[in-house]
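K.L.:
please find the sequence and the predicted model below.
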Amino acid sequence: MLNSDAPRLGLRLALFALLSAAFFAPASRADDLQDATKFLKSGQHQQAMERVNKVLASKPRDPQARFLKGLIYTEQGNTKDALDVFTKLTQDYPELPEPYNNLAVIYASQGQYEKARTALEQSIRTHPSYATAYENLGDVYAKLASQAYDKALQLDSSNAGAQNKLSLVRELVGGPSQVAIAREPAKPAVVLAQKPAAPTAPKAPVPAEASAADGSAEIVAALNGWAEAWSKKDADAYLAYYAREFKTPGGESRSDWEKARRARIAAPKSISVSVTTPKVTMTGPNQANVTFRQAYRSDVLKTSSTKTIIMTKNDGRWQIAQEKSGS
Amino acid sequence: MKHVFSGLLAIAVALLAALPAFPAEPSPENRLSAVFQAIEANQPEVALKRVDALIRDHPNFRLAHLVRGDLLLARSRPLQTFGNVAKTVPQERIADLREEALARLHAQRERPSEDRLPRLILQLHPEQKHVLVVDSRRSRLYVFANANGRPRLIADYYVTLGKNGMEKTREGDQKTPIGVYHVTANLPRQKLTDFYGSGAFPINYPNEWDRRRGRNGHGIWLHGTPSAVYSRPPRASDGCIVLSNPDLQTVGAYMQVGLTPVIIADEIEWSDAAAVEAERSSLAAAFEQWRADWESRDAGRYLSHYSGRFSAGGQDLAAWGVHKRAVNAGKNWVKVKLSRVSMFGYPREREFVVVTFDQNYRSNNLANVMRKRQYWVKEAGQWKILYEGAA
């Protein structure tokens, strides 16, 4: 359960937000924590834990280190210790939303949706604009609703429940909404090199073509083609929009990633994806950063999020080289 | 925010009316209604709290779970409909719960006014403490107390009726009969399977009028629900009248075996006291005249009270006339006293009344006391007897 995308997403986002604060910490501690983060990302849990424990030996209450430790336990599948770490963090630092969020992710993975709900509501109470918690809470509510419906219709929740969860989870890889990023001005050096995204003021959705800058028309056209292929559930066409050098979000192999994407595109009965307010920044003649609002809607889920991708031009064709947010 | 609850609101708004004050101990249905009130008032938090508490107390109330599902889902995405179940499920199951919601909310919000009386209850006899009337369109059982011979509404309950609708005619047709019946037994929980819940009260279907029309079948009961179910959909039984277990227990306390009438109608008709009294006194006068003419030993006058369509115990009017004239010939005197008279109009029939009474008959060569039932019908402005027999 814990290796499904949504918990990872939640954890990563929370990690990102929390680590932003590490910027001001003494160099050695910051180095250890950065190393730990790198080890964790590459799946070297043992090394990551050693670095974290090194920091904790001198600063046992350090929230960043404890938070990382919780993440390592989570990645190791040690939910009992992970719960313990995050629970104590919420007690010692009730003002931090991330530990609540991650507690909720673990509870949800155990099917304890009422507990997940409570934790997420606390997370939002501490930070009313914490978008990740909102998104997760939306899913938890949907899950609780589904359980209530099962009781109403006397259906067996046990099997269908797990399935339902997976389908909810898989489409959360939309990236953080801008609120989450804007909350703590992102320090460029940390994890995501992403600039704070465009202002969050509600804008009337503008067709992608209309707002495209001159010279960016090709890029926006490619983006629309990608969204259209996704909407048509045409996995071949969809995957063709990803460059050969595309960096898979979890570092998995291209073939594993493609397999997972195909399954997820096939699962819903219908999908509709639209791209609005694209903002293209050319970073080179054949490379661009594109930030846009992605509205995803299927028969099982509806989400809206901001996404940033890197596009490259290969053989005259714009393709996605990296999906930065949400990875 | 309101659009989020469009499905729920569609139900709630369609029923807008002043809510009655809840009794001291609100029923689960009262509480469900209060959930809808909060939704209407655009207080989803309050609604969710109320439904959570309701489910805590009545975990088998499926409709409450459905409403809770909607309230939770509304926090995640806009609702398209009441009972916005995303999964592929048998649609009729959701439809059943929607209908139950409508039936319960209608009943909560449409209260009969105090001064209206059910047209069919013409006269109660003093020992009949209560009358039950089923309004099938509303999926509702109304309980009337006998207040000095006049019915006074004291409670009403959601009921489940036959899955194939009303007017039972055949064994196994899964319909609920329409007519005037009474409770014939009290079957305690211990003698029943769990399916019948907290008890059962059989009624006398098929009655004399049903039999005369060739109707058959048996085993029409008022009963409870299985322990895992708080209530069943409006149309789900094999013809029985099903109440929730707590409701059945409350109603059960009113039941007098052999006495408590159960009138099952398409729809309860409300009338004013004067109209009911006019009908009652017109029939009471004919009834008294029949008694007096019997005592007169004038067979012609006596038989003038019987309809050309009369039949009872295998005798038509002609045979009945021959028999009565022969009996009368041997009488020097006849005294007839009638008491404990009840009169109930028959649903789906025009000017058709079931009269049940104690008959104390004495004559020079025979005396007997019996409980009797007659069916009276108005023909060309005159009340006539269509059927007569032991009750």
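P.N.:
That came through fine.

K.L.:
C-alpha only now, for contacts and for neighbours.
P.N.:
Noted.

K.L.:
ranges for the strands of the stretch 101-250 of chain B?
P.N.:
Ranges of strands within the stretch 101-250 of chain B are B:116-118, B:121-123, B:130-135, B:140-147, B:150-158, B:161-162, B:179-182, B:200-202, B:221-223, B:235-237, B:241-242, based on DSSP state E, counting those that start in this stretch.

K.L.:
which among those strands is found nearest to chain A?
P.N.:
Smallest distance to chain A across these (CA to the nearest CA): 14.6 Å, for strand B:235-237.

K.L.:
so what's the gap between the closest one and the chain middle?
P.N.:
On the basis of CA atoms, centre = their mean, to the nearest Å, the separation between the geometric centre of strand B:235-237 and that of its chain is 16 Å.

K.L.:
okay, now the sheet partners of it, with direction.
P.N.:
If you go by DSSP bridges, strand B:235-237 pairs up with strand B:161-162 (parallel).

K.L.:
quote the end-to-end distance of stretch B:183-201.
P.N.:
6 Å (CA to CA, to the nearest Å).

K.L.:
what's it in contact with?
P.N.:
Identification of contacts with stretch B:183-201 by CA atoms under 8 Å, 6 or more residues apart in numbering or on different chains yields B:202-204, B:221-227, B:245-246, B:248-249, B:252, B:255-262.

K.L.:
what stretches of the chain score poorly on pLDDT?
P.N.:
In the absence of a named chain, chain A is used. Flagging of chain A using pLDDT under 70 yields the residue ranges A:1-27, A:129, A:156-215, A:250, A:299-304, A:325-327.

K.L.:
nope, chain B please
P.N.:
In chain B (pLDDT under 70), the answer is B:1-24.

K.L.:
which residues of the stretch 51-200 of chain B lie near chain A?
P.N.:
B:61-66, B:68-73, B:75-77, B:83, B:85-86, B:93-94 (CA under 8 Å from any CA of the partner chain).

K.L.:
at 7 Å instead, please
P.N.:
B:62-63, B:65-66, B:68-70, B:72-73, B:75-76, B:85-86, B:93 (CA under 7 Å from any CA of the partner chain).

K.L.:
let's verify residue A:95: helix, strand, or coil?
P.N.:
coil (DSSP: H, G, I helix; E, B strand; the rest coil).

K.L.:
show me the contacts for it.
P.N.:
By CA atoms under 7 Å, 6 or more residues apart in numbering or on different chains, the residues touching residue A:95 are residue A:126.

K.L.:
ditto for the one 4 residues further on
P.N.:
Under the criterion of CA under 7 Å, 6+ apart, the contact list for residue A:99 reads A:86, A:89-90.

K.L.:
with residue A:112 instead?
P.N.:
Contacts of residue A:112 by CA under 7 Å, 6+ apart: none found.

K.L.:
ok, residue B:205 next?
P.N.:
Residue B:205 neighbours (CA under 7 Å, 6+ apart): B:181, B:218, B:220.

K.L.:
so how far is residue A:82 from the last one?
P.N.:
I take that to be residue B:220. Distance from residue B:220 to residue A:82, by CA to CA: 60 Å.

K.L.:
neighbour count: these two, which is higher?
P.N.:
Neighbour count, other CA atoms under 10 Å in any protein chain shown: between residue B:220 and residue A:82, residue A:82 has more, with 24 against 21.

K.L.:
let's verify that one: helix, strand, or coil?
P.N.:
Assigned with three-state DSSP, residue A:82 falls in the helix class.

K.L.:
ok, and the closest non-adjacent residue to it?
P.N.:
residue A:70 (4.6 Å; CA to CA, 6 or more residues apart in numbering or on different chains).

K.L.:
burial measure for residue B:213, as a count.
P.N.:
By other CA under 10 Å, the residues close to residue B:213 number 11.

K.L.:
and it, how far from residue B:311?
P.N.:
Distance, residue B:213 to residue B:311, using CA to CA: 12 Å.

K.L.:
what segments of the stretch 101-250 of chain A are strands?
P.N.:
Under DSSP E, counting those that start in this stretch, the stretch 101-250 of chain A gives strands at A:242-247.

K.L.:
show me what from it comes close to chain B.
P.N.:
Counting by CA under 7 Å from any CA, the residues of the stretch 101-250 of chain A near chain B are A:138-139, A:141-142, A:144-146, A:148-149, A:151-153.

K.L.:
again, 10 Å this time
P.N.:
Residues of the stretch 101-250 of chain A lying near chain B by CA under 10 Å from any CA of the partner chain: A:134-155, A:160, A:164.
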